[in-house]
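S.K.: fold the stuff below for me.
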Amino acid sequence: MVPPAAKIRSAAEVDGIFGCVTLTVPTSFEPLDPLGLDLPSLVKEFGERWGKGEYHALALFRSIHRNGVCDPRVLPEYARNPSLAEAVGAQFPVRLPPVCGRSDDGSTYKFLLKLRDGLESESVVIPMRTYKSLCVSSQVGCKMGCTFCETARLGHLRDLDAGEIVAQVLVARHVLGEPIENVVFMGMGEPLDNLDNVLRAVRILSDRRGLGIPLPSITVSTVGHVDGIRQLARLAALPAPEGFPRLRLAVSLNAPNDTLRSRLMPVNRRWNLAQLREALLEFPLSRRDDYLFLEYVLLEGINDSHAHAQEIVELLRGIQACVNLIPLNPGPDSPYRRPPQTHVREFLQWLLDAGQRARLRGTKGADAMAACGQLGNPERKRARRE
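M.R.: Below you'll find the model as predicted:
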């Protein structure tokens, strides 16, 4: 006996006891971008829409993220149910944004993706010694207003959703053919100002059934958004899959006292260094070789004196931190200058001599406007200024 259609959760029309089953898409469900769905969410959607479980959902998730194949009609798991494949393709259309620009600086390069509203995301492929890292954006532009950052001149245009963040990694791996093994949220935007979408993207990126990027290979960078750091700390203290143990945190410091930092970074007027230090002390680090990263952009004659180095050491006392020194990557109209390389190394030595763990970050991508602090569409910047 054929069950009545009302009892079929997938809204199927049954033509006969042994006839084919034609799935019709329920009108109450809107199409969704599967790139922004983690596997449990995708399983839930399959259950609500078609009465299917993890078997079909996992096949689609694994195919998209691990293999870069987005059409369910070509998957063997759907071979016996072509109607389901058609319905899934219609309800979960995968449209990777096209690459609309690229600028190279040797083996480091920046690529732009055209988003659905005409704006662009910017991502940077960075070759390391034994792997490749991808710097991803979490917003188009940024509202934090750091005076030495080119992205700040663009302003905040909008947040990226989780699917648009994940798409940057998928395009790098499956379209550009880059073996990305490390992801840093250091592109356009303040990740903790878009925390829900960033965390959803991290959950998708780190799933071993898909892209499988380990949490210790994912770094979230912030200008010092203390509320976001505390929220991230609570999640970092929880075991997976609920939490994000060993997810790396980087904080843009750039000045060791409130007077100078408030001048360079307006966020310091909302959360000062004392509040930032307290939040960093509370951040869980489960292993002896785990560190918080403090990014310090060196500006000639502004924040690069011996006294500044001593203040950094005092500020970070008791915090398991590594200072990453970054000589300024100036934009075309930057009011700041990069210190000479000899002085950069001198500043590094001052920190090391005082017992502070520190290292010099090599500059990559500066000639392509792809280095730290250089992202942002120059035409849009000019239009906003005008």
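
S.K.: can you name the next helix or strand after the strand or helix carrying residue 126?
M.R.: Element membership for residue 126 (DSSP states H and E) is strand 120-127. Where DSSP H and E defines the elements, the next helix or strand beyond strand 120-127 is strand 132-135.

S.K.: mind listing what that following strand pairs with, with the direction of each?
M.R.: Sheet pairing of strand 132-135 (DSSP bridges) gives strand 120-127 (antiparallel), strand 180-185 (parallel).

S.K.: got a list of contacts for the strand holding residue 126?
M.R.: Strand 120-127 is contacted by residues 97, 100-101, 107-115, 132-137, 140, 160, 164, 167-168, 171-172, 176, 178, 180, 187-188, 364-365, 370, 375-377 when judged by C-beta atoms under 8 Å, 6 or more residues apart in numbering. No exception for glycine: its C-beta is placed from N, CA and C like everyone else's.

S.K.: for residue 107, grab the count of nearby residues.
M.R.: Look at residue 107: counted by other C-beta atoms under 10 Å, it has 11 neighbours.

S.K.: gap between the residue nearest to it when sequence neighbours are not counted and residue 188?
M.R.: Spatially, and ignoring its direct neighbours in sequence, residue 107 is nearest to residue 127 (4.6 Å; C-beta to C-beta, 6 or more residues apart in numbering). With distances taken as C-beta to C-beta, to the nearest Å, residue 127 is found 21 Å from residue 188.

S.K.: before we move on, what about residue 81?
M.R.: Residue 81 sits at a distance of 42 Å from residue 188 (criterion: C-beta to C-beta).

S.K.: now residue 220
M.R.: In this view, residue 220 and residue 188 are 14 Å apart by C-beta to C-beta.

S.K.: okay, now the domains of this protein?
M.R.: Structural domains annotated on the chain: 5-91, 99-385, as defined by automatic domain parsing.

S.K.: now do the helices in the stretch 151-300 of the chain.
M.R.: Ranges of helices in the stretch 151-300 of the chain, per DSSP state H, counting those that start in this stretch, are 162-170, 195-206, 226-236, 258-264, 273-282.

S.K.: packing partners for the longest one?
M.R.: Secondary-structure packing of helix 195-206 (3 or more C-beta pairs under 8 Å, 6 or more residues apart in numbering; DSSP states H and E): helix 162-170, strand 218-222, helix 226-236.

S.K.: so for the first one, mean pLDDT?
M.R.: Spelled out, that is helix 162-170. Taken as a whole, helix 162-170 has an average pLDDT of 98.

S.K.: for it, packing partners?
M.R.: By 3+ C-beta pairs under 8 Å, 6+ apart, helix 162-170 packs against strand 108-114, strand 120-127, helix 195-206.

S.K.: can you redo these as CSV with mean neighbour count?
M.R.: Converted to CSV, the helices and strands packed on helix 162-170 look like this (neighbours: other C-beta atoms under 10 Å):
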stretch, mean neighbour count
strand 108-114, 21
strand 120-127, 23
helix 195-206, 22
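
S.K.: shaky segments in the stretch 51-200 of the chain?
M.R.: For the stretch 51-200 of the chain, no stretch has pLDDT under 70.

S.K.: could you tell me how far the closest residue to residue 88 other than its chain neighbours is located from residue 56?
M.R.: If the residues on either side of it in the chain are set aside, residue 88 comes closest to residue 72, at 4.6 Å by C-beta to C-beta, 6+ apart. Counting by C-beta to C-beta, the separation of residue 72 from residue 56 is 8 Å.

S.K.: any shared contact partners between these two?
M.R.: 78, 84, 88.

S.K.: wait, a strand at the last one?
M.R.: No: applying DSSP: H, G, I helix; E, B strand; the rest coil, one finds residue 88 to be helix, outside a strand.

S.K.: hmm, residue 70 and it touching each other?
M.R.: No: contact criterion C-beta atoms under 8 Å: residue 88 and residue 70 do not qualify, at 10.6 Å.

S.K.: higher neighbour count, the two?
M.R.: A direct count of neighbours by other C-beta under 10 Å for residue 88 and residue 70 places residue 88 higher, at 28 against 20.

S.K.: check contacts around the more buried one.
M.R.: By C-beta under 8 Å, 6+ apart, the residues touching residue 88 are 50, 56, 60, 72, 78.

S.K.: how about a cut-off of 10 Å?
M.R.: The contact partners of residue 88, taken as C-beta atoms under 10 Å, 6 or more residues apart in numbering, are 23, 25, 34, 45-46, 49-50, 52, 56-57, 59-60, 71-73, 75, 78, 81.

S.K.: can you check residue 163 too?
M.R.: Shown in contact with residue 163 (C-beta under 10 Å, 6+ apart): 32-37, 94-97, 170, 197, 200-201, 204.

S.K.: buried among those residues? Make that a PyMOL selection.
M.R.: The PyMOL selection below is limited to those of these classed as buried (16 or more other C-beta atoms under 10 Å):
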select buried, resi 32+33+34+35+36+37+94+96+97+170+197+200+201+204
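
S.K.: and which of the contacts of residue 163 is nearest residue 355?
M.R.: Nearest to residue 355 out of these is residue 201 (C-beta to C-beta; 36.8 Å).

S.K.: neighbours around the residue nearest to the closest one when sequence neighbours are not counted, how many?
M.R.: Nearest residue to residue 201 in three dimensions, chain neighbours excluded: residue 165, at 3.9 Å (C-beta to C-beta, 6+ apart). Residue 165: 31 surrounding residues under other C-beta under 10 Å.

S.K.: surely residue 165 touches residue 183?
M.R.: Yes: contact between residue 165 and residue 183 holds when scored by C-beta atoms under 10 Å: they sit 9.4 Å apart.

S.K.: need the residues touching each of those two.
M.R.: Contacts common to residue 165 and residue 183, judged by C-beta under 10 Å, 6+ apart, are 123, 136, 201, 202, 205.

S.K.: could you measure from the first one over to residue 113?
M.R.: This means residue 123. Taken as C-beta to C-beta, the span from residue 123 to residue 113 is 7 Å.
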